[in-house]
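>>> kindly generate the corresponding structure for this input.
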Amino acid sequence: MLRGSHYCFFVFFAHNALLLLGIRSHALGDSNCKQQYGRAGATIVLSPGPISEKLYKALWKFNQINLVDINGVLNGHQFTDRSLLNQNNYSLTIQDLRTTDSGDFTFVSSGEKGQRPTSCTRLKVQEGLTQRPTLNVINITETSEESCEILIKCSSTPDQDVSYRWTVNGVMINGSTLQYPLKPHKGDTNFTCTASNMISAVSESQSFNCQSPPSPPPPGDLNGFLIIAGVACIALISIVGFVIVICRFKKGHAVASDVNEELTVYAEIDDIINTNIMKPCSVYETLENKAPPISPKPQAQTIYDKIQFNRVQQLQNT
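The predicted structure is shown next:
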């Protein structure tokens, strides 16, 4: 049991040690890479460094993918038909550079003295700057009667991996945006902006004063503003239309409820009338039905009736 635990501890320790060594060697390998820049569309030559012995093995790799060995170019990668190995000094030539060719190129070799140190070149391919930069006045603020401040921006196309430097009155200032004080009594002030990357640089100069009007927004900014405004208008129209539809729906629903309620009231009244309806009758029939019964009046007795009545009484008495 004890030996098993010692064995597991040893394996764990060895694994971590190898992992740390691998990370350290990878970091050292990255730090040992020399930086080299290339221009898109151009040709570049990558050198493995000085070689003073005969090599038995030589291999160029791009991001750990085999490109060229000592016998010639390997196929099946992005550099096929664009790369060439020099058999004398083992330098690698790459034609028609593309921005996607940026990466780490390593040269692995062995000679009469055994394995040689690995050579690493980190290539960065950039687009060349051909158009002059554009200077745009963002704002001019009057600070006093004798001075103002100008806010100006410099931009270029393309703008990836581009750095900017201003030159004003012999002073160099880094950055694409510059805020600078102006003196009206000194007249116009000349501003020079230089846009550059590692393979090219272009410059543009303009003069400004406190009365210089702000520049119109660049086309890209204007297009973005128009897109945002269009989206906002569409959203506003949609909201207004939705509110109108809801209001009409509620109004129609209320009218329908009132109509249904009115129909219900009339229907109830009609039911009451139908249940209490009477058959038509004449005036005489009404009077006959409504008048109280009349008792017949006793007829007036004549003298003969009285006499006869007395005789009847006499006869009854005898």
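>>> can you give me the helices for the stretch 1-150 of the chain?
In the stretch 1-150 of the chain, the segments counted as helices under DSSP state H, counting those that start in this stretch are 2-31.
>>> domain parsing for the chain?
As assigned by automatic domain parsing, the chain contains the domains 29-126, 134-217.
>>> which among those domains is found nearest to residue 247?
Closest approach to residue 247 among these (CB to CB): domain 134-217, 39.5 Å. Just so you know, the C-beta spots here come from the backbone N, C-alpha and C atoms, and that holds for glycine as well.
>>> then stretch 99-118 to PDB, C-alphas only?
Coordinates of each C-alpha in stretch 99-118 appear next as PDB, following Å, rounded to 0.1, in the frame of the first residue of the first chain:
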ATOM      1  CA  THR A  99      -1.700  39.200 -44.300                       C
ATOM      2  CA  THR A 100      -2.700  35.700 -43.400                       C
ATOM      3  CA  ASP A 101       1.000  34.700 -43.700                       C
ATOM      4  CA  SER A 102       1.700  36.300 -40.400                       C
ATOM      5  CA  GLY A 103       3.000  33.800 -37.800                       C
ATOM      6  CA  ASP A 104       6.000  32.000 -36.500                       C
ATOM      7  CA  PHE A 105       8.400  30.300 -38.900                       C
ATOM      8  CA  THR A 106      10.800  27.800 -37.200                       C
ATOM      9  CA  PHE A 107      13.900  26.100 -38.700                       C
ATOM     10  CA  VAL A 108      14.800  22.700 -37.300                       C
ATOM     11  CA  SER A 109      18.000  21.000 -38.400                       C
ATOM     12  CA  SER A 110      20.700  18.500 -37.400                       C
ATOM     13  CA  GLY A 111      24.300  18.200 -38.800                       C
ATOM     14  CA  GLU A 112      27.600  16.500 -38.100                       C
ATOM     15  CA  LYS A 113      27.600  17.700 -34.500                       C
ATOM     16  CA  GLY A 114      24.100  16.600 -33.900                       C
ATOM     17  CA  GLN A 115      20.900  18.500 -33.200                       C
ATOM     18  CA  ARG A 116      21.300  22.300 -33.900                       C
ATOM     19  CA  PRO A 117      19.400  25.100 -32.000                       C
ATOM     20  CA  THR A 118      16.000  25.900 -33.500                       C
END
